[in-house]
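Engineer: next one to model:
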Amino acid sequence: MGSEFVALSLPPLLIGTLAAMACALPGNFLLLRRQALIGDAISHVVLPGIVVAFLVTGTIATLPMLAGAACAALLAVAMIEAIRRLGRIEAGAAMGVTFTTLFAAGVLLLERSDTSSVHLDVEHALYGNLESLIWLDATGWASLTDPAALAALPPELIRIAAVFAVVAIAIAAFWRPLKLATFDEGFAQSLGLPTAAIGLGIVTLAALAAVAAFDAVGSIIVIAMFICPPAGARLMTNRLERQIAWSLLFAALSAIAGYVIAGYGPIWAGFSASVSAAGMIATISGLILAWAALAAPHRRA
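Structural biologist: Numbers count the residues shown, from 1 in each chain. Purely as a prediction, here's the structure:
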């Protein structure tokens, strides 16, 4: 039983949990800066960038994917500004048009391109491939201390763990300026803090988390984790430090409960097949947010 769990369930659980937490961390600052839609935007615009990067390089390595996502983000910013100015419509509408257009373009590129060799298709883009990220060389709990077995860990786990560490370290290192610029941008500017660079840094961290998570968990979880855990955490407390902790707890709980319920819930209910882990994780995160909206201490604030 232990060997089966370590090989088949432990890696997807860890990948899903780390991906959710990596997205939730910058999501807190985007939410407080009233830029939560940017997280949604990033999860949409990375798709055409990733597909084009693959078509150019022939690989799905992290650096080409990040470069493609960055180019797609720049294109999105230019499109939003052009639509807003030329069409004379408000920024939210311009953002909605741009994100749906770019995401649709990414889907069309996937449909017309041969990406089967790297498991990059429309279903993969939406739901990821979390259930298939198994640890073939694992023989049990002893594999966790076996260097040969550890070398065969799914690369997605190594990638998302490294990105989560980078995001967490960056936020810890720049905690004070991040906090000041988030809550009082004018005061931060009076202190000489580069508020524009700080805002760009938050978006960059969000993009890094989205790109790293996209390959394993797809866009549905990325969208949900940027918004639901931070929003639920905001209803639990008025202190940023505690909000961060609550958001990480909600993200981890969503990933773990969602994966377990997706795999075993239908069987417990008498059905023969499991359901999508990505869809269930996003659903659980939404239910946690709904609970917080109804019962959290600061829901009336």
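
Engineer: using the three-state scheme, assign residue 193.
Structural biologist: Residue 193 carries the three-state label coil when classified by DSSP: H, G, I helix; E, B strand; the rest coil.

Engineer: what helix or strand is the spatially closest residue to it that is not a sequence neighbour located in?
Structural biologist: Leaving aside its sequence neighbours, residue 193 sits nearest to residue 177 (Cβ to Cβ, 6 or more residues apart in numbering; 5.1 Å). C-beta coordinates here come from the backbone N, C-alpha and C atoms, glycine included. Under the criterion of DSSP states H and E, residue 177 resides in helix 175-183.

Engineer: now do the same contact list for the spatially most central residue of the chain.
Structural biologist: For the chain, the residue sitting closest to the mean C-alpha position, by Cα atoms, centre = their mean, is residue 222 at 3.2 Å. For residue 222, the contacting residues are 19, 23, 39, 42-43, 209-210, 213-214, by Cβ atoms under 8 Å, 6 or more residues apart in numbering.

Engineer: okay, now the unreliable bits of the stretch 151-300 of the chain?
Structural biologist: In the predicted model of the stretch 151-300 of the chain, residues 215, 270, 272-273, 299-300 satisfy pLDDT under 70.

Engineer: and the helices in it, which stretches?
Structural biologist: Taking DSSP state H, counting those that start in this stretch, the helices of the stretch 151-300 of the chain run over residues 155-173, 175-183, 185-190, 195-234, 240-268, 277-295.

Engineer: so for residue 74, which of the ones you listed sits nearest?
Structural biologist: Taking Cβ to Cβ, helix 195-234 is the member of the helices of the stretch 151-300 of the chain nearest to residue 74, at 10.8 Å.

Engineer: report the angle between that closest one and helix 175-183.
Structural biologist: Comparing the axes of helix 195-234 and helix 175-183 via axes from the mean of the first three to the mean of the last three Cα atoms, to 10 degrees yields an angle of 80 degrees.

Engineer: list the buried residues for helix 195-234?
Structural biologist: For helix 195-234, a neighbour-count test (16 or more other Cβ atoms under 10 Å) marks 195, 198-199, 201-234 as buried.

Engineer: tell me if I'm right that residue 148 and residue 137 touch.
Structural biologist: Yes. If you go by Cβ atoms under 8 Å, residue 148 and residue 137 touch, sitting 7.3 Å apart.

Engineer: helix or strand for residue 72, which one?
Structural biologist: Residue 72 belongs to helix 62-87 when assigned by DSSP H and E.

Engineer: for that helix, name the packing helices and strands.
Structural biologist: helix 36-57, helix 91-112, helix 195-234 (3 or more Cβ pairs under 8 Å, 6 or more residues apart in numbering; DSSP states H and E).

Engineer: just to revisit the earlier point, who has more neighbours out of residue 148 and residue 137?
Structural biologist: Remark: of residue 148 and residue 137, residue 137 carries more neighbours, 14 against 8, as counted by other Cβ atoms under 10 Å.

Engineer: now do the contacts for that one.
Structural biologist: With contact set as Cβ under 8 Å, 6+ apart, residue 137 has these partners: 143, 148-149, 152.

Engineer: assign it to helix, strand or coil.
Structural biologist: Judged by three-state DSSP, the three-state class of residue 137 is coil.

Engineer: ok, the residue nearest to the centre of the chain to residue 39 distance?
Structural biologist: In this view, residue 222 and residue 39 are 8 Å apart by Cβ to Cβ, to the nearest Å.

Engineer: overlap of the contact sets of these two?
Structural biologist: With contacts defined as Cβ under 8 Å, 6+ apart, the residues adjacent to both residue 222 and residue 39 are 23, 210.

Engineer: which phi and psi does residue 237 have?
Structural biologist: phi -160, psi 160 (degrees, to the nearest 10).

Engineer: how much space between the residue nearest to it when sequence neighbours are not counted and residue 27?
Structural biologist: In this structure, residue 237 finds its nearest non-sequential neighbour in residue 243, 5.4 Å apart by Cβ to Cβ, 6+ apart. Residue 243 sits 11 Å away from residue 27 when distances are taken as Cβ to Cβ.

Engineer: using PDB, write out every CA atom in stretch 231-251.
Structural biologist: What follows is stretch 231-251 as a C-alpha-only set of coordinates in PDB (Å, rounded to 0.1, in the frame of the first residue of the first chain):
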ATOM      1  CA  ALA A 231      -9.900  36.000  -1.300                       C
ATOM      2  CA  GLY A 232     -10.900  33.500   1.300                       C
ATOM      3  CA  ALA A 233      -7.900  34.400   3.400                       C
ATOM      4  CA  ARG A 234      -8.800  38.100   3.200                       C
ATOM      5  CA  LEU A 235     -12.100  37.300   4.900                       C
ATOM      6  CA  MET A 236     -10.300  35.600   7.800                       C
ATOM      7  CA  THR A 237      -8.100  38.400   9.000                       C
ATOM      8  CA  ASN A 238      -7.100  42.000   8.700                       C
ATOM      9  CA  ARG A 239      -3.400  41.300   9.000                       C
ATOM     10  CA  LEU A 240      -1.300  40.600   5.900                       C
ATOM     11  CA  GLU A 241       1.000  38.100   7.600                       C
ATOM     12  CA  ARG A 242      -2.000  36.000   8.700                       C
ATOM     13  CA  GLN A 243      -3.700  36.400   5.400                       C
ATOM     14  CA  ILE A 244      -0.600  34.900   3.600                       C
ATOM     15  CA  ALA A 245      -0.700  32.000   6.100                       C
ATOM     16  CA  TRP A 246      -4.500  31.400   5.600                       C
ATOM     17  CA  SER A 247      -4.100  31.600   1.800                       C
ATOM     18  CA  LEU A 248      -1.400  28.900   1.800                       C
ATOM     19  CA  LEU A 249      -3.500  26.700   4.100                       C
ATOM     20  CA  PHE A 250      -6.500  27.100   1.800                       C
ATOM     21  CA  ALA A 251      -4.400  26.400  -1.300                       C
END
